[in-house]
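Chemist: Here is the input, now give the coordinates:
(one chain, ligands or ions: 1)
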Amino acid sequence: MRIPTKAQALALLEEGGRKNPGPWVRHCRYAGKAAQAIAAKTKTLDPEAACILGLLHDIGRRFGVTGSRHIYDGWAFAKEHGWDDLARVCLTHSFPLQDIEACSGSWDVGGVDGSKKYQKTAALLKEVTYDDYDRLLQLCDALALPEGFSLLEQRWVDVVLRYGVNPLLPKKWAATYEIKHRFEALCGVEDLYCLLPGIVQRTFPWISA
Ligand SMILES: [Fe+2]
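Modeler: Predicted coordinates:
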């Protein structure tokens, strides 16, 4: 796959955190861990590649505090380095529903440059045929809070509180549930949450008290 090595990924994420400090870095670390754990249970996906894609899916945030523009910025950054498979995940991770209007943040479309990026992102998204790496990272983006692994619904509420609601959210959530069921079948587990260590304690801390 055309992606950086894990050492490069960890260094890039650390550098991104220095350029634009914020909870997004810890979110990416957990997305990487979730992707690795789930991929390891499938027969087809490479756990290390999944981890690298998880670590860097939001690398567009290295350029500053932006909304959905980080999707384009991550795609362009990865493309520049020849990491085409990472570029693709930077593009698709926010779209379990393959519709440019379905992502949660604002589009930062101010100015000619912003408008061009939006149009380009829309065109690129339309062309993609999703594979299981795209789906895995869409799922793992929704399983990772900066504090640790989360239930999908916890992450969804967290996103709505930060960005507000979008009329396409119910369809997007339904698409994400479908992805979760797909990976439960691929992994041969009844519920995917059993693959995420510490999720019960983080969600229901009094259970272990
Ligand atoms: Fe993310």
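Chemist: Residue 207: neighbour count?
Modeler: Here the neighbour count serves as a burial measure; for residue 207 (other Cβ atoms under 10 Å) it reads 8. Heads up, the C-betas are built off the backbone N, CA and C, glycines and all.
Chemist: list the contacts for the residue nearest the centre of the chain?
Modeler: Nearest to the geometric centre of the chain sits residue 141, at 3.4 Å (Cα atoms, centre = their mean). With contacts taken as Cβ atoms under 8 Å, 6 or more residues apart in numbering, residue 141 has the following neighbours: 31, 57, 93, 94.
Chemist: Tell me the confidence at it?
Modeler: According to the prediction, residue 141 has pLDDT 97.
Chemist: just the contacts of residue 141 that are near the ion?
Modeler: Contacts with the ion are made by none of the contacts of residue 141, judged by Cβ under 5 Å from the ion.
Chemist: can you redo these as a markdown table with neighbour count and pLDDT?
Modeler: Output for those, formatted as a markdown table (neighbours: other Cβ atoms under 10 Å; pLDDT from 0 to 100):
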| residue | neighbour count | pLDDT |
| --- | --- | --- |
| 31 | 30 | 98 |
| 57 | 30 | 98 |
| 93 | 26 | 97 |
| 94 | 24 | 94 |
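Chemist: Format the CA atom coordinates belonging to the helix or strand of the chain with the lowest mean pLDDT as PDB.
Modeler: For the chain, counting by mean pLDDT, DSSP states H and E, helix 111-127 ranks last in confidence among helices and strands (a mean of 85). In PDB, the C-alpha atoms belonging to helix 111-127 read as follows (Å, rounded to 0.1, in the frame of the first residue of the first chain):
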ATOM      1  CA  GLY A 111     -12.800  32.800  -0.600                       C
ATOM      2  CA  VAL A 112     -12.000  31.400  -4.000                       C
ATOM      3  CA  ASP A 113      -9.400  29.000  -2.600                       C
ATOM      4  CA  GLY A 114     -11.900  27.500  -0.100                       C
ATOM      5  CA  SER A 115     -14.600  27.200  -2.700                       C
ATOM      6  CA  LYS A 116     -12.200  25.400  -5.100                       C
ATOM      7  CA  LYS A 117     -11.200  22.900  -2.300                       C
ATOM      8  CA  TYR A 118     -14.800  22.200  -1.600                       C
ATOM      9  CA  GLN A 119     -15.600  21.500  -5.300                       C
ATOM     10  CA  LYS A 120     -12.500  19.300  -5.600                       C
ATOM     11  CA  THR A 121     -13.400  17.300  -2.500                       C
ATOM     12  CA  ALA A 122     -16.900  16.800  -3.800                       C
ATOM     13  CA  ALA A 123     -15.600  15.600  -7.200                       C
ATOM     14  CA  LEU A 124     -13.000  13.200  -5.600                       C
ATOM     15  CA  LEU A 125     -15.600  11.800  -3.200                       C
ATOM     16  CA  LYS A 126     -18.000  11.000  -6.000                       C
ATOM     17  CA  GLU A 127     -15.400   9.000  -7.900                       C
END
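Chemist: Give me the residues contacting it.
Modeler: The contact list for helix 111-127, computed with Cβ under 8 Å, 6+ apart, reads 68-69, 71-73, 75, 91-92, 95, 98, 100, 107-109.
Chemist: What is the nearest of those to the ion?
Modeler: The shortest separation between the ion and any of the contacts of helix 111-127 is 9.8 Å, and it belongs to residue 71 (by Cβ to the ion).
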